[in-house]
Structure formats: structure tokens, C-alpha cells
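Colleague: A structural model of the following input is requested.
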Amino acid sequence: MFDPCSDLAAAKWIAASDEHWGKLVTLGPPGFPAYARLRFIPDPVHEGQSENDAVRQADAPSDNDQLRIAVGTLLRHTDAPDEGYLLMWDGWGRDSFPEPVLRTPRLTVPNREYYLCRVSLPDFVSGAIEDSWQAETNRSMPHPAFIWPSDRAWCVTSDVDPHWAGIGAQQSLIDPLLTEPRLDVVRVEPNEKLPFYS
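Modeller: As a prediction, this is how the structure comes out:
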């Protein structure tokens, strides 16, 4: 279901980026024509608001479910191959990872380290990757920090700090996400100040 990678070459395009690390790990690698944010919860309404004060709809999908919906939408609107990659932040703790993943080297960017896994993107969308992960660890799979197809047509980035995931792609791939009723996706404008909770 998921294949831990000892060779990190597939992720070097992320590690080699000269983007400021904070923007890289929250919005994704530079160079895409368009960017958007998938908001797991609404943006803060005032300065200094705590994420604990945010109101999430009772029937809202989980963050992982929203990531799967977003990836599924991207796959429906692109010729991207089924093969893709996940970068998993190592900060979730060793117990969160299958043993074969822990035996692979980590990819380093400033202030973050990740394990790389090759996956079938349709299996990620269906939840089969999460099921396989949980079967090996007896724990829920942490959400991936980066998700992309092998042709790099798009990249979804979900860091632990913001309340949203960044998406980089062609505008034609962003547009279907903006109208997906199960998701709250907004465009990111050039030089926009991105919102964060305190």
C-alpha cells in the first residue's frame, strides 16, 4: 500500500527549494502558476484569536478526509499518473510510524524532517493507505505534510501549525477545488498575508 523510500531523490525538488522554510512547509514549493488554501476550519476573525475558539461545523469532514477529497478532485481533473509521494513529518513520534518507515533516511528542510513514502494516489483517496498504516501501527495515520504525483503536476502541503493546507497547481486544477461543496478552498493572491491563529 505504501512503500517507504530509502532513496530521497523524488523529494529533492522540495528540499532544494530556496523558498523561505515557513512558506515552503505551509504553502508548498514555488513555481506553480496558482495557489490556494484548503481551510480545515474558518480563518480567525480577529487578531490573537485562539484556534480553540474556532467554530467547526458538526458534520465537517476530518482534516484527513478533506485532504483525501482534495487529492481525489485533483486526480479527476488531471492526467497525473497514479503513482505519488507522501512526506510524513517525523515529529508525530516513533510510535506513529511503521517500523519499515523508521528504517529509512529522513529528508531535511530547515526546522522540519520527513520520511518519504511512494504510494498509489487512488489508494490514498480511498483510505486504503490509512487502513494499511493503522494495521501496522495500531494508531491513526498522521496527516501527510506533502502530497504530490510523480509528474509534479500539483502539490498539497499540510504543516502542523496552520489551520489550512496549501495547494499549488495550474489554475485549471485549482478551479474545481473552489467549487467542491465538501471543501472550503480559497485562492491565495500574490503577496497575500496568510492568516494564522495564535
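Colleague: ok, longest helix in this structure?
Modeller: For the chain, the helix reaching the highest residue count under DSSP state H is reported as helix 63-76.
Colleague: Going by contacts, tell me the helices and strands next to it.
Modeller: Using 3 or more Cβ pairs under 8 Å, 6 or more residues apart in numbering; DSSP states H and E as the contact definition, the elements that helix 63-76 packs against are strand 34-39, helix 121-126, strand 146-149, strand 155-157, strand 164-169, helix 171-178. Placement of C-beta: from N, CA and C, glycine included.
Colleague: Select, out of the ones you listed, the one closest to D3.
Modeller: helix 121-126 (11.1 Å; Cβ to Cβ).
Colleague: Tell me which residues of that closest one come out buried.
Modeller: Judged by neighbour count (16 or more other Cβ atoms under 10 Å), helix 121-126 contains these buried residues: 121, 123-125.
Colleague: tell me which residues of the next helix-or-strand element following it are tucked away?
Modeller: Next in sequence after helix 121-126, counting helices and strands by DSSP states H and E, comes helix 128-137. Within helix 128-137, the residues that count as buried by 16+ other Cβ under 10 Å are 129-130, 132-133, 137.
Colleague: can you list those residues in CSV and add pLDDT and distance to P190?
Modeller: Formatted as CSV, the buried residues of helix 128-137 follow (pLDDT from 0 to 100; distance: Cβ to Cβ, whole Å):
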residue, pLDDT, distance to P190
I129, 96, 34
E130, 96, 35
S132, 96, 39
W133, 96, 37
T137, 96, 41
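Colleague: For the worst-scoring helix or strand of the chain on mean pLDDT, which helices and strands make contact with it?
Modeller: When each helix and strand of the chain is scored by mean pLDDT, DSSP states H and E, strand 2-4 comes last, with a mean of 93. Identification of packing neighbours for strand 2-4 by 3+ Cβ pairs under 8 Å, 6+ apart yields strand 112-120, helix 128-137.
Colleague: What is the end-to-end distance of stretch 16-30?
Modeller: Criterion Cα to Cα, to the nearest Å; first-to-last residue distance in stretch 16-30 is 11 Å.
Colleague: What of stretch 80-93?
Modeller: Its first and final residues considered, stretch 80-93 spans 32 Å by Cα to Cα.
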